[in-house]
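**Q** Structure for the following, please:
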Amino acid sequence: MKVEEFGFGLPPRVWGKKVGETIYSINWLPFGGFVKILGESGEDRKNPRSFSAKPFWKRFLVLFAGVTMNFLLAAYLLMLGYTAGLPAAVTPEEIKAGTIGNFTDLKVQIMGVVPDSPADKAGLALGDTIRELKYFKEGKLLVFPISFPDRLAELINEKRGEEIILTVARGEETYDVTIFPRVDPPEGEGALGIRMSQTVIVLLPFYEAIGRGFTDAFKIAWLIVVVFASIVRDLIFQGKFAGELAGPVGIAVLTARFSQLGFSYLMQFTAVLSINLAIINALPIPALDGGRALFLAIEKVRGKPVPHHVEQTIHTVAFVLLIFLILFITYRDIVKLVS
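**A** Residues are numbered from 1 along each chain as shown. The predicted structure is shown next:
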């Protein structure tokens, strides 16, 4: 059977063509850029073209090439973002010290919303900008422009249990939201159930943007590692999952939300996604690049590879479990979307 005629196999193919020793195909399951390397699971060790026949260091570099490119893509996107203007969370101290660089558009933005909180029920979302806080007193409408998170928190605490009006900007749209701050909120949630920060748009010359792009990429990577470690720690020692997972549907919803905020926000979000993907793929979990690198390390320590059928079985089981996890997360995302 000619390669162009097949329609089955792993993965199931719609179309394929063999050029030299490489098959280029369009598959029924279009999950990213599929690449299957000859001998990647430990087979064909006697074939000099096989991945399994290559030296340890070459295989290690190949396994982490994708992880490296995800990180470099993020750094590149952040670098371009800074040359065009990139949003950044800042503190009053950083502004006074002048360590941020050139910036514009000083504002207070929502960085997180607690589910089922007053803010969540009122429709406030990640990235919304709070322009003003208003409330009626003795029949008069008092208006307080908001420039600093501390001032906003102070006003909210003063009006616990009473009606306040927040003027919120989302993209090009500005509207008022009526909301009642809680008198006795759960610990760590606040009266409204939001996390807020002072943000600016930082604009840097190209030569400074290069260094800042790589620096921020490392900072984001470290933050993701710390958060992931804390989630695993809480899961093991406290039996609770404090994180929030998002699958393809959830990521699509977040992408749409960041696109409403502006192109610079979308570019920054894409960079964070790329770093997140790099870190997850580097984890020593079978079926991922980090898992294959783990078997490579075991081979180096043992002086001989793990039997092919054992490694293949472990990767296959892990892959099936990951697919079920993705389906479960996708189901939760859809439920959240329609509820």
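**Q** C-alpha only now, for contacts and for neighbours.
**A** Will do.
**Q** What are the buried residues along the helix or strand bottoming out on mean pLDDT in the chain?
**A** One helix or strand of the chain scores below all others by mean pLDDT, DSSP states H and E: helix 92-97, with a mean of 74. Within helix 92-97, no residue counts as buried by 16 or more other Cα atoms under 10 Å.
**Q** Which SSE is immediately downstream of that helix?
**A** Counting by DSSP states H and E, the element after helix 92-97 in chain order, helix or strand, is strand 102-113.
**Q** what does that next one rub up against?
**A** 119-120, 124-131, 146-149, 193-204 (Cα atoms under 8 Å, 6 or more residues apart in numbering).
**Q** ok, now stretch 264-276?
**A** For stretch 264-276, using Cα under 8 Å, 6+ apart, the contacting residues are 70-71, 73-75, 77-78, 81, 84-87, 217, 220-221, 224, 255, 258-259.
**Q** All the strands of the stretch 1-150 of the chain, in order from the start?
**A** Assigned by DSSP state E, counting those that start in this stretch, the stretch 1-150 of the chain shows strands spanning 13-19, 22-27, 86-90, 102-113, 129-137, 140-145.
**Q** The third one - contacts with which helices or strands?
**A** Using 3 or more Cα pairs under 8 Å, 6 or more residues apart in numbering; DSSP states H and E as the contact criterion, the elements in contact with strand 86-90 are strand 194-203, helix 263-282.
**Q** Now these in JSON lines, please, with extra columns for distance to Ala229, mean neighbour count and mean pLDDT.
**A** Below are those laid out as JSON lines (distance: least, Cα to Cα, whole Å; neighbours: other Cα atoms under 10 Å; pLDDT from 0 to 100):
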{"stretch": "strand 194-203", "distance to Ala229": "21", "mean neighbour count": "21", "mean pLDDT": "87"}
{"stretch": "helix 263-282", "distance to Ala229": "12", "mean neighbour count": "20", "mean pLDDT": "89"}
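**Q** can you put those in TSV and add distance to Pro115?
**A** Output for these, formatted as TSV (distance: least, Cα to Cα, whole Å):
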stretch	distance to Pro115
strand 194-203	10
helix 263-282	21
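**Q** The ones you listed: which one's closest to Arg59?
**A** helix 263-282 (14.3 Å; Cα to Cα).
**Q** After that closest one, which helix or strand is next?
**A** Downstream of helix 263-282 (by DSSP H and E), the next one is helix 289-302.
**Q** Flag every buried residue along that following helix.
**A** For helix 289-302, the buried set under the neighbour-count rule, 16+ other Cα under 10 Å, comprises Asp289, Gly290, Gly291, Arg292, Ala293, Leu294, Phe295, Leu296.
**Q** do the same with stretch 96-114
**A** For stretch 96-114, by 16+ other Cα under 10 Å, it's Ile100, Phe103, Leu106, Lys107, Val108, Gln109, Ile110, Met111, Gly112, Val113, Val114.
**Q** same question, stretch 14-33
**A** Residues Trp15, Gly16, Ser25, Ile26, Asn27 are the ones in stretch 14-33 that count as buried (16+ other Cα under 10 Å).
**Q** what does stretch 156-169 give?
**A** Quick answer for stretch 156-169 (16+ other Cα under 10 Å): Ile156, Asn157, Lys159, Arg160, Ile164, Ile165, Leu166, Thr167, Val168, Ala169.
**Q** Touching that stretch from outside, list them.
**A** Against stretch 156-169 from outside (Cα under 8 Å, 6+ apart): 128-136, 174-183, 191-192.
**Q** same thing but at 7 Å, please
**A** For stretch 156-169, the surrounding residues in contact (Cα atoms under 7 Å, 6 or more residues apart in numbering) are 128-135, 174-183, 191.
**Q** are any of the residues you listed buried, and which?
**A** Buried subset of these (neighbour count, 16+ other Cα under 10 Å): 128-135, 179-182, 191.
**Q** Widest-spaced pair of the buried residues of stretch 156-169?
**A** Maximum distance among those (Cα to Cα): 22.8 Å, for Arg160 and Ala169.
**Q** any low-confidence regions in this structure?
**A** The model of the chain has pLDDT under 70 over residues 1-12, 29-34, 41-43, 98, 239-245, 339.
**Q** isn't there a helix covering Gly211?
**A** Yes: counting by DSSP: H, G, I helix; E, B strand; the rest coil, Gly211 falls inside a helix.
**Q** Closest to Ile236 out of the buried residues of stretch 96-114?
**A** Val114 (23.4 Å).
**Q** Now that closest one. Nearest residue, chain neighbours left out?
**A** Gly193 (5.1 Å; Cα to Cα, 6 or more residues apart in numbering).
**Q** Report how many residues lie close to that neighbour.
**A** Here the count is done by other Cα atoms under 10 Å, and Gly193 has 22 residues near it.
**Q** Quickly note the distance from it to Glu187.
**A** Noted for Gly193: a distance of 10 Å to Glu187, by Cα to Cα, to the nearest Å.
**Q** Lys54 too?
**A** Counting by Cα to Cα, the gap from Lys54 to Glu187 is 55 Å.
**Q** Please apply the same query to Pro181.
**A** For Pro181, the distance to Glu187 equals 14 Å [Cα to Cα].
**Q** Over to Val14?
**A** Note on Val14: its distance to Glu187, by Cα to Cα, is 54 Å.
**Q** next one: Ser230
**A** Counting by Cα to Cα, the gap from Ser230 to Glu187 is 19 Å.
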